[in-house]
Each structure stands twice: as structure tokens, then as C-alpha cells.
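> sequence first, predicted coordinates after that:
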Amino acid sequence: MPFHLHFDESDLLRCRFALSPLWETQEAVRTLSRPGRHGYHLPWLRRIREDAAALDLEPLWRLMPEGGHNPDFVCPPPVGPFTTFEEEIAAVRAVDPLVARDDMARALADRPGSLDSPTGRRMLADPARAVQELADLLELAWQVLIEPHWPRLRALLEADIAYHSRRLAEVGFERLLGGISPQLRWSGSTLTVVGTRGNHTRVLGGQGLVLMPSVFVWPDVVGGYEPPWLPAVIYPARGIGGLWTESAERTPEALARLLGRARADVLCALDEPAGTSALAHRLSLAPSSVSAHLSVLRTAGLLTSRRYGHQVLYERTPLGIALTAQDP
């Protein structure tokens, strides 16, 4: 069923990209319970299996009905690309309990048996306590499921934002949306998100739109957030197919002999633009070593670089792409 977002001129001027560690935490919890999402994330699932089994995620799963309402207060959209988990979870803890109760009641009603379950009754009887307990559980899930892998995830999300920001400048908003997902359709002044939960319409009214890439939302596009939350569209980030692949698995031996193993690994790890610290974490190399390799590769014409926020992102040139396109 479609979700319709109606724009005016001021809304187009207020569209921005964001990323959210809290959203990735919530969606990682959801992914654990939905085998249809496991395809790209099997290496991650193997790594976190034992630690995840020790978490009692049932209260969060109660609020995640498939095809129904999911509470917006649990993960309000951030205002920009540099929001930290600590800032986001503090906003959750500060939510008005009455707003949270209405949100929880709608979600529980969309999951058969949840309203009358002990967990559901406890949440609705004391929403202030429920908000804090859910925030505690999300914080624990962050520490176990996401935080150890966050440099890798953040690098992919930032690369997606850098790519689509450049595309926006090159082709404009309408063509950008079509490139993000076939589920996004633009007509007149209305963005339609097809295949979402429910049939909703929202007039943006000058708030603009938050566009947010996500690692764990695949294969879905989520359009939504109802007032008082900012309107947002969350879509699968580019490059998730290689997210959990180690660099040595994708570095051709001939390229390793030509450039040296470490330098070839750095070049091959740049499936998407990335910064020095993210590459160092991904490759288990010292940042100083990665920086030196990046400098040599850029001087050789295999990489370009550009500043994004507080960091420099490196990207392969056509020559660099050609060199890494050999069969491993």
C-alpha cells in the first residue's frame, strides 16, 4: 500500500540526508526475528549469535508487528548525518509517556495477542517506566549488536550519503529518487512510497524530508513517521552485498603481486567511498599505514579524494576500478 508525501517549494529546499545508529540498532533487532532479511547479513549473524541469544528482546519484538504500526518514538529520525547514539537514546528517554503510550497501544493492537499479553499490559499500565526500560534494552542491543561493527556500518552509510548527495547535484531530486529505489515515485509535487505499511498521506508543510540510508532495512523502503516526528524515508544503503566481505576475499592475486598485498587490499576495499579510519578498522591496519597507502594510490592515479564533513573520503578512479575488476 502506498505512502504519499506532498511537497511545496519550501519542502524541496529542506530535504537532507541523515544516518542513525539508533535506527540501525532497532532494525538489527528486527532482522534477528525475520529470516527473509538474513541473506546479506549471515556473516554478522554468525558473529553475534551467542551474544544475541543472551538478550531478552521480546519487549521490542512485541512492538514490531509485521505489516502494522511500529512506534515512532522508539527511533525518531535524526536531523543530520552526525547524530550519535548517545544523543538519540537521550531523546528516546525524554519522550512524553502519554505520546509513547498511544504509540505502543497502536503497535500492540496490530500484533495479535499482544495487547492482552503480560508484556503489553505492563507497558500500557506504566508508560513512563516502559519508555525507560525500552531505552535500556535498545542501549544494550546497541552495545552487543551494532557498536562493535559501527565503524564498518558508518563508513558504508556515509559513502551512500556522499554518493547520493553528488547525484542530487548532478541530476536533481526527481531522478535521484528513482535511483535510490524503484519503490520511490515522483509525480507533480508528490512523492509516493509503494509497498509500505498502511495507506497514509502527509502534507510536509515546510518541514522538508529526511532521507536516510540503512544497512538492515533491506529489502524494504520505509516511508513514514507521523506528527510530531519529522517525515522521513529510509532506504537500503548501496553496497550492502559486500559489507561483511573481508578484503582478502576480494583482492585478485595478480593485483596483490603488482601493488603488494596491503596496498591492493586498500584499493579493493573501496567498493564505496571511505575514510582512513574506516578502512583501517575494516582491514585491521594502523591508520598511519592506510594513510600512506592511500597517498601512494592517489598519486598513481588510482584514487581521488574529497572532503565530507570532518573527514576525507577516498574513491577509486576509472583506472582503479579497472584494476580491481579482475577475477580474484
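Perfect, I can see it now. Numbering: from 1, shown residues only.

> tell me the centre residue of this structure?
Ser214 (2.0 Å; C-alpha atoms, centre = their mean).

> could you verify my assumption that it touches Trp23?
Yes. Taking C-beta atoms under 8 Å as the definition, Ser214 is a contact partner of Trp23 at 6.1 Å. All C-beta spots, glycine's among them, are computed from the backbone N, C-alpha and C.

> give me the common contacts of those two.
Common neighbours of Ser214 and Trp23 (criterion: C-beta atoms under 8 Å, 6 or more residues apart in numbering): Ile234.

> gap between the residue nearest to the centre of the chain and Val171?
According to C-beta to C-beta, to the nearest Å, Ser214 and Val171 sit 22 Å apart.

> and the gap between the residue nearest to the centre of the chain and Ala53?
With C-beta to C-beta as the criterion, Ser214 and Ala53 are 24 Å apart.

> kindly report the same for Ser10.
49 Å.

> so between these two, which is more surrounded?
Ser10 (12 against 9; other C-beta atoms under 10 Å).

> spatially nearest residue to the more buried one, not counting backbone neighbours?
Gly206 (4.6 Å; C-beta to C-beta, 6 or more residues apart in numbering).

> against Ser117, how distant is that neighbour?
41 Å.

> mind listing the helices for the stretch 51-200 of the chain?
In the stretch 51-200 of the chain, the helices defined using DSSP state H, counting those that start in this stretch lie at 58-62, 85-93, 97-109, 118-125, 127-141, 150-180.

> and these as a markdown table, adding distance to Val193 and mean neighbour count?
A markdown table is the format used below for the helices of the stretch 51-200 of the chain (distance: least, C-beta to C-beta, whole Å; neighbours: other C-beta atoms under 10 Å):
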| stretch | distance to Val193 | mean neighbour count |
| --- | --- | --- |
| helix 58-62 | 24 | 17 |
| helix 85-93 | 23 | 16 |
| helix 97-109 | 19 | 19 |
| helix 118-125 | 29 | 15 |
| helix 127-141 | 25 | 18 |
| helix 150-180 | 10 | 18 |
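
> dump those into JSON lines; add distance to Gly241 and mean pLDDT as well.
What follows is the helices of the stretch 51-200 of the chain, written out as JSON lines (distance: least, C-beta to C-beta, whole Å; pLDDT from 0 to 100):
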{"stretch": "helix 58-62", "distance to Gly241": "27", "mean pLDDT": "93"}
{"stretch": "helix 85-93", "distance to Gly241": "25", "mean pLDDT": "95"}
{"stretch": "helix 97-109", "distance to Gly241": "31", "mean pLDDT": "94"}
{"stretch": "helix 118-125", "distance to Gly241": "36", "mean pLDDT": "94"}
{"stretch": "helix 127-141", "distance to Gly241": "24", "mean pLDDT": "97"}
{"stretch": "helix 150-180", "distance to Gly241": "11", "mean pLDDT": "84"}
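
> wait, which of these is closest to Ala18?
helix 150-180 (8.2 Å; C-beta to C-beta).

> quick one, what contacts the residue nearest to Ser10?
Asp8, Ser10, Asp11, Arg14 are the contacts of Gly206 under C-beta under 8 Å, 6+ apart.

> need those in CSV with distance to Asn70, secondary structure and pLDDT, can you?
CSV is the format used below for those (distance: C-beta to C-beta, whole Å; DSSP: H, G, I helix; E, B strand; the rest coil; pLDDT from 0 to 100):
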residue, distance to Asn70, secondary structure, pLDDT
Asp8, 28, coil, 88
Ser10, 29, helix, 88
Asp11, 24, helix, 87
Arg14, 25, coil, 87
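
> just the buried members of the residues you listed?
Neighbour counting with 16 or more other C-beta atoms under 10 Å marks Asp11 as buried within these.

> relative to Ala90, which of the contacts of Gly206 is nearest.
For these, the nearest to Ala90 is Arg14 (24.3 Å; C-beta to C-beta).

> and the closest one, how close does it get to Ala54?
43 Å.

> next one: Arg238
33 Å.

> neighbour count winner among the two?
Between Arg238 and Ala54, counted using other C-beta under 10 Å, the more crowded position is Arg238 (18 against 8).

> pLDDT wise, what is that one at?
At Arg238, the pLDDT value in this model is 85.

> also Thr276?
Residue-level pLDDT assigned to Thr276 equals 89.

> that one: how many residues sit nearby?
Other residues close to Thr276 by other C-beta under 10 Å number 22.

> likewise for Gly188?
7.

> picking up where we left off before, for the residue nearest to Ser10, phi and psi?
phi 90, psi 0 (degrees, to the nearest 10).

> hmm, back to that, now the helices of the stretch 51-200 of the chain in JSON lines, with distance to Val233?
Shown next, in JSON lines, are the helices of the stretch 51-200 of the chain (distance: least, C-beta to C-beta, whole Å):
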{"stretch": "helix 58-62", "distance to Val233": "23"}
{"stretch": "helix 85-93", "distance to Val233": "18"}
{"stretch": "helix 97-109", "distance to Val233": "20"}
{"stretch": "helix 118-125", "distance to Val233": "28"}
{"stretch": "helix 127-141", "distance to Val233": "22"}
{"stretch": "helix 150-180", "distance to Val233": "8"}
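
> please identify which of the ones you listed is closest to Gly301.
helix 150-180 (20.1 Å).
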